[in-house]
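J.: Predicted model, plus sequence, below.
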Amino acid sequence: MPKPDTSTTRQLVDPLVAYPRPPFPRQSQELPGDDELLDPKPDHGEESYIGNGRLAGLATIITGSDSGIGKAVAIAFAREGADVLVSYLDEGEDARGTVELIEAEGRRAIPVAGDLQDEQHCRRLVERARDEFGRIDILVNNAAWQEPREKMEEIATDEWEQTLRTNLTAPFWLCREALPFMEAGASIINVSSIQATQPSPSLLAYATTKGALVTYSKALAAMLAQRGIRVNVVAPGPVWTPLVAATTDPESLSEFGSGTPLGRPAQPAELAGAFVFLASPAATYITGAVIAVTGGEFFA
């Protein structure tokens, strides 16, 4: 029998060996963190993500897309044919890197800096997407803030409010402002966390917002169902990102993700497929769902 042509065959990725595993080098960063300082370097899909045109021509907003999960989603969306508004706080160099990767795919990238704690900025961000793209097909609420505290007495009111405004109130504002420019078939993807169901005591404020975001998303999904707009959640487990490095002590960071069944943290690129699926026509009957990308940890 003739041998099959394997010239275009892709090899399966073994998750046990494909990516770095703990222990990692001891390291620390200042908030909000920097991709370039991470050791090992994170994979956002720069070389590993291959698109198939599943989001061709769609107009998207991704918050926190200068680094980490948001950057990986932006790369994937562009390689699937989407234009991306790159929302970020003030990490201009990281954001430029994301923009360059999007534009290398022949897609439009619109960088917008600003603090999502500001309601007016959220409104301006959506208006910019409307003006540049003419509509909004996908909104990804990914940007988040966390700061570990060992005692409740250490959590200042301003810090509590900052966490809620960034992680929960900003997604509310962005959804509310974007909806007038979304048509049937559009979708919203909110980013929760394993912390929603398995909260770490030191991340009291962060875990609270991530649990609330799941409830918010399910209620919003029901509210928007008759308008044909879907709302879903991606809930990551441990992911190798600058925010984690900047909020984890060096000793704990060295073993980060080792307690999952897969024995390591996810690389940002490993989450991108979940976002692409939820945003694509393959998921038209899925709303109010939570996709847990947790390395085997149970989201319950």
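T.: Structure received.
J.: in what helix or strand does the residue lying closest to residue 195 once chain neighbours are set aside lie?
T.: Distance criterion C-beta to C-beta, 6 or more residues apart in numbering; nearest residue to residue 195, sequence neighbours excluded, is residue 207 at 4.0 Å. C-beta: built from backbone N, CA, C; applies to glycine. Per DSSP states H and E: residue 207 is located in helix 204-224.
J.: Give me the contact list for the next helix or strand after that helix.
T.: Counting by DSSP H and E, the next helix or strand C-terminal to helix 204-224 is strand 230-236. The contact list for strand 230-236 (C-beta atoms under 8 Å, 6 or more residues apart in numbering) reads 69, 186-194, 196, 210, 213-214, 217-218, 220-221, 224, 266, 271, 274-275, 278, 283-284, 286-294, 299.
J.: What of stretch 207-214?
T.: Contact partners of stretch 207-214, identified using C-beta under 8 Å, 6+ apart, comprise 144, 163-164, 167-168, 171, 190-193, 195-197, 199-200, 233, 235, 290.
J.: how many neighbours does the residue nearest to residue 233 when sequence neighbours are not counted have?
T.: Using C-beta to C-beta, 6+ apart and skipping residues adjacent in sequence, the residue nearest residue 233 is residue 290, 4.4 Å away. Using other C-beta atoms under 10 Å, the number of residues around residue 290 comes to 16.
J.: ok, and the helix or strand in this structure with the lowest average confidence?
T.: The weakest-scoring helix or strand in the chain, judged by mean pLDDT, DSSP states H and E, is helix 242-246 (a mean of 90).
J.: Can you name every helix or strand that it contacts?
T.: Here helix 242-246 touches no other helix or strand, going by 3 or more C-beta pairs under 8 Å, 6 or more residues apart in numbering; DSSP states H and E.
J.: Could the C-alpha coordinates of it be exported in CSV?
T.: Taking Å, rounded to 0.1, in the frame of the first residue of the first chain, the C-alpha atoms of helix 242-246 are listed here in CSV:
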residue,chain,number,x,y,z
PRO,A,242,3.1,38.7,34.5
LEU,A,243,0.2,39.4,36.9
VAL,A,244,0.8,36.1,38.7
ALA,A,245,4.6,36.8,38.9
ALA,A,246,4.0,40.2,40.4
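J.: Next SSE downstream of it?
T.: With DSSP H and E, the next secondary element past helix 242-246 is helix 250-254.
J.: Residue ranges in the protein under the pLDDT threshold?
T.: Low-confidence segments of the chain (pLDDT under 70): 1-17.
J.: how deep is residue 156 tucked in, by neighbour count?
T.: Residue 156 has 11 nearby residues by other C-beta under 10 Å.
J.: My error: substitute residue 22 in the last question.
T.: Look at residue 22: counted by other C-beta under 10 Å, it has 14 neighbours.
J.: So which residues of the protein form helices?
T.: Assigned by DSSP state H, the chain shows helices spanning 68-79, 92-103, 119-133, 157-164, 170-178, 204-224, 242-246, 250-254, 269-279.
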